[in-house]
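> The sequence and its predicted three-dimensional model are supplied below.
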Amino acid sequence: MPEKLRQKLLDEAKVKAAADFCADVFKDGAVEATAERVADHVTKETWNRLKRKWRRGRCRWLNEMAKIVLAGKAKYHELGATAITKMLRLVIGHKAESAFVRELATNLPLPGDAKFVAVAQGIRIIGIWLCVVEYSSPERCFCFEALALQYGKEATKSLLIAEGELWTKQAGWNRLT
């Protein structure tokens, strides 16, 4: 069996296992509650338009947007680290110390990091919820697939639950009504 086909079958099995493992999270309304909290941060017009236009496969675009947001977070770290490193090199001029500071600055949390992650995961939660509502299964949802393949079934379930708690706690984030 060709390696690509083998990997695709393994990935499909992982996503199916994660969907089965997370079934209770969908049934008990945790993902729906989280989706409602996420939707509170956009206008009703935007939310209704997204729901109205929802079709099979559109979650691919939401998942791509989530990836872009997370790439933006990485770029944010890189730019901050570059600025700090350049200033230090001008003042001190030591390459080894500058490299150390650059790596440290790249890997430490920066103000706003949590928002990048919350936006990306909020996008994926919406995609998952819309797919489950429309098609009753997360197995063919690109957003769910991305989480399941990245984190595995246990961590995906924990993430779905944790995101619900995060969005519930953060309900005061500039909510739109």
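Looks like it arrived, so ask away.
> From now on I want contacts and neighbour counts done on CA atoms only, so please keep to that.
Fine.
> Just the buried residues of the helix or strand in which Gly127 is found, please?
Assigned by DSSP states H and E, Gly127 falls within helix 113-135. Taking 16 or more other Cα atoms under 10 Å as the neighbour-count basis, helix 113-135 is seen to contain the buried residues 116, 118-132.
> mean confidence for it?
Regarding helix 113-135, the rounded mean pLDDT is 86.
> Next, the buried residues of the next helix or strand after that helix.
If you walk from helix 113-135 toward the C-terminus, the next helix or strand you reach (DSSP H and E) is helix 142-169. Neighbour counts over helix 142-169 (16+ other Cα under 10 Å) mark 142-149, 152-153, 156-157, 159-161, 163-167 as buried.
> Pull the contacting residues for Lys153.
With contacts defined as Cα atoms under 8 Å, 6 or more residues apart in numbering, Lys153 is in contact with Lys14, Val15, Ala17, Ala18, Ala19, Phe21, Cys22.
> which helices and strands sit right next to the helix or strand hosting Met65?
Element membership of Met65 [criterion: DSSP H and E] is helix 59-91. With contacts defined as 3 or more Cα pairs under 8 Å, 6 or more residues apart in numbering; DSSP states H and E, helix 59-91 has these neighbours: helix 95-107, helix 113-135, helix 142-169.
> Give me the distance from the longest one to the chain's centre.
With Cα atoms, centre = their mean, to the nearest Å as the basis, the distance from the averaged C-alpha position of helix 142-169 to the chain average is 8 Å.
> returning to that earlier point: any chance of the contacts of Lys153 in JSON lines, plus secondary structure?
Shown next, in JSON lines, are the contacts of Lys153 (DSSP: H, G, I helix; E, B strand; the rest coil):
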{"residue": "Lys14", "secondary structure": "helix"}
{"residue": "Val15", "secondary structure": "helix"}
{"residue": "Ala17", "secondary structure": "helix"}
{"residue": "Ala18", "secondary structure": "helix"}
{"residue": "Ala19", "secondary structure": "helix"}
{"residue": "Phe21", "secondary structure": "helix"}
{"residue": "Cys22", "secondary structure": "coil"}
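> circling back to that earlier point, could you figure out how far the helix holding Met65 is turned away from helix 113-135?
170 degrees (axes from the mean of the first three to the mean of the last three Cα atoms, to 10 degrees).
> What spatial separation is found between the residue positioned nearest the centre of the chain and Trp129?
Geometric centre of the chain, nearest residue: Gln121, 3.0 Å, by Cα atoms, centre = their mean. Gln121 sits 12 Å away from Trp129, going by Cα to Cα, to the nearest Å.
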